[in-house]
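Engineer: return a 3D structure for these sequence lines:
(one chain, ligands or ions: 1)
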Amino acid sequence: MIEPTEVNHPADGARHRAVLAIDIGGTKMAAALVGEDGKVLRADRTPTAGQGADEVFATLRDLIGRVRGDRQPLAAGIGCAGPLDRARGLVSPVNITVWRDYPLAERVRAAVGDVPVTLGVDGHCFALGEAWTGAGRGVDDLLGIVVSTGVGGGLVLSGREAPGRSGNAAHIGHMVVDQNGEPCACGSYGCVETYASGPRMVARAQRFGWRPGRAGADAVVLAADAAAGDPIAQRAFDDGAQALAAGIVSTAVTADLTFVVVGGGVSKAGPVLFDPLDRWIKRMAQLPFVQGLTVRPAVLENAGLVGAAKLAWDSLD
Ligand SMILES: [Zn+2]
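Structural biologist: Predicted coordinates:
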């Protein structure tokens, strides 16, 4: 019999039951104890570092130890960069090369105790987090998209993650939106990501003759130039927004949903992305059941962590 975890809430000092949430990315790992209301009770983070697979995990195990202290979480939820094998609990994150078919779920269970451990793609956790306590609070069905160095996503249907057969559903960055398009890192061509990821927007702008207004040529500088009126930078964002809109509207008519949350580093560009995105969506979303399609910017700084906690709570139902 596991004693329920109770942790002092930072705001009201009351004791709360909690689950352990873990969010793993290529540059940092975060962990938190999260209550039934989605409030983060205690959290910490660490760089993703280590020579070998088990050394990287040792860093995570230390982080888990610091966050849980002497408390026993009721369950654990893990959000990790894909792809992954949900049924077998294995991860092979593109950006953590020492983990290939790494038995992450089993290792976390060994570190946390014999409680339910649920593994989800980081984009799914982003969508779940925003649906639970973020921009999509109160919305049962939504698509979440993370636009960054890649384009990821997740579907929430009837308030729950829609994982798909292998746990990798809603890889919207690799939805083909241009059947005559450029090669994609995934091996296909014409994917959303070939137009809408930060690096691909920058590369396209440079090909069109973009000269950055200040040092560096990344998506932040491109966004600043677009906001300042540079027509080439604006075109790159407009093309990216068009590809995103095609992916969004295709998903909306497939899954029958009308609410989308967009986050990630590139989404911080603000109106230079969201204005053309709204325009293209209005143009493409014509069927009556998707005409109200709404796109909102993400509001949570730690949506992945909050969504990982939701996975854990849902595993206890
Ligand atoms: Zn692709």
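
Engineer: residue closest to the middle of the protein?
Structural biologist: Within the chain, one residue has its C-alpha closest to the average C-alpha position: by CA atoms, centre = their mean, that is G123, at 2.9 Å.

Engineer: distance of that one from the ion?
Structural biologist: G123 sits 14 Å away from the ion when distances are taken as CB to the ion, to the nearest Å. The C-beta positions use only the backbone N, C-alpha and C, and glycine is treated the same way.

Engineer: and for R100?
Structural biologist: The gap separating R100 from the ion is 20 Å, by CB to the ion.

Engineer: what are the phi and psi values for the closest residue to that residue other than its chain neighbours?
Structural biologist: Setting aside the residues directly before and after it, R100 is nearest to S92 in space (CB to CB, 6 or more residues apart in numbering), at 4.9 Å. With angles defined as degrees, to the nearest 10, S92 sits at phi -140, psi 60.

Engineer: and the pLDDT for S92?
Structural biologist: Looking at S92, its pLDDT reads 93.

Engineer: how many neighbouring residues does it have?
Structural biologist: Other residues within reach of S92, judged by other CB atoms under 10 Å, total 17.

Engineer: which ones are touching it?
Structural biologist: For S92, the contact set (CB atoms under 8 Å, 6 or more residues apart in numbering) comprises P83, L84, D85, W99, R100, D101, Y102.

Engineer: what number of residues lie near the last one?
Structural biologist: Y102 is surrounded by 21 other residues when neighbours are defined as other CB under 10 Å.

Engineer: is it correct that it is in contact with V91?
Structural biologist: Yes: the pair Y102 and V91 passes the contact test of CB atoms under 8 Å, sitting 5.4 Å apart.

Engineer: quick revisit: list the contacts for the residue nearest to the residue nearest to the centre of the chain when sequence neighbours are not counted?
Structural biologist: In space, not counting the residues next to it along the chain, G123 is nearest to G152; the distance is 3.4 Å by CB to CB, 6+ apart. The neighbourhood of G152, defined by CB under 8 Å, 6+ apart, consists of G82, V121, D122, G123, F126, I145, V146, H171, I172, G173, G264.

Engineer: please redo it, this time with the cut-off set to 6 Å
Structural biologist: Contact analysis of G152 by CB atoms under 6 Å, 6 or more residues apart in numbering lists G123, V146, G173.

Engineer: try T149
Structural biologist: Residues touching T149, when contacts are defined by CB under 6 Å, 6+ apart, comprise G198, P199.

Engineer: tell me where the stretch 51-200 of the chain has helices.
Structural biologist: Using DSSP state H, counting those that start in this stretch, the helices assigned to the stretch 51-200 of the chain run over residues 53-68, 104-112, 122-133, 193-196, 198-207.

Engineer: can you report how many residues neighbour V176?
Structural biologist: If you count neighbours by other CB under 10 Å, V176 ends up with 16.

Engineer: out of everything not next to it in sequence, what's closest to it?
Structural biologist: Taking CB to CB, 6+ apart as the measure, V176 lies nearest to G190, with 5.0 Å between them; neighbours along the chain are not counted.

Engineer: what about that neighbour, how many neighbours?
Structural biologist: G190 has 18 neighbouring residues, counting by other CB under 10 Å.

Engineer: what residues sit buried inside stretch 163-182?
Structural biologist: Neighbour counts over stretch 163-182 (16 or more other CB atoms under 10 Å) mark 163, 167-177, 181 as buried.

Engineer: and the strand or helix carrying R235, what does it pack against?
Structural biologist: With elements delineated by DSSP states H and E, R235 resides in helix 231-255, which encompasses its position. For helix 231-255, the helices and strands in contact under the criterion 3 or more CB pairs under 6 Å, 6 or more residues apart in numbering; DSSP states H and E are helix 193-196, helix 198-207, helix 219-227, helix 271-284.

Engineer: got JSON lines for those helices, with distance to E36, mean neighbour count and mean pLDDT too?
Structural biologist: Conversion of the helices and strands packed on helix 231-255 to JSON lines gives the following (distance: least, CB to CB, whole Å; neighbours: other CB atoms under 10 Å; pLDDT from 0 to 100):
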{"stretch": "helix 193-196", "distance to E36": "36", "mean neighbour count": "27", "mean pLDDT": "97"}
{"stretch": "helix 198-207", "distance to E36": "36", "mean neighbour count": "20", "mean pLDDT": "96"}
{"stretch": "helix 219-227", "distance to E36": "37", "mean neighbour count": "21", "mean pLDDT": "96"}
{"stretch": "helix 271-284", "distance to E36": "33", "mean neighbour count": "18", "mean pLDDT": "98"}
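
Engineer: now those in a markdown table, with distance to the ion?
Structural biologist: Rendered in a markdown table, the data for those read as follows (distance: least, CB to the ion, whole Å):
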| stretch | distance to the ion |
| --- | --- |
| helix 193-196 | 5 |
| helix 198-207 | 10 |
| helix 219-227 | 18 |
| helix 271-284 | 20 |
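
Engineer: between these, which one is closest to V156.
Structural biologist: With CB to CB as the criterion, V156 lies closest to helix 271-284 of the helices and strands packed on helix 231-255, at 18.9 Å.
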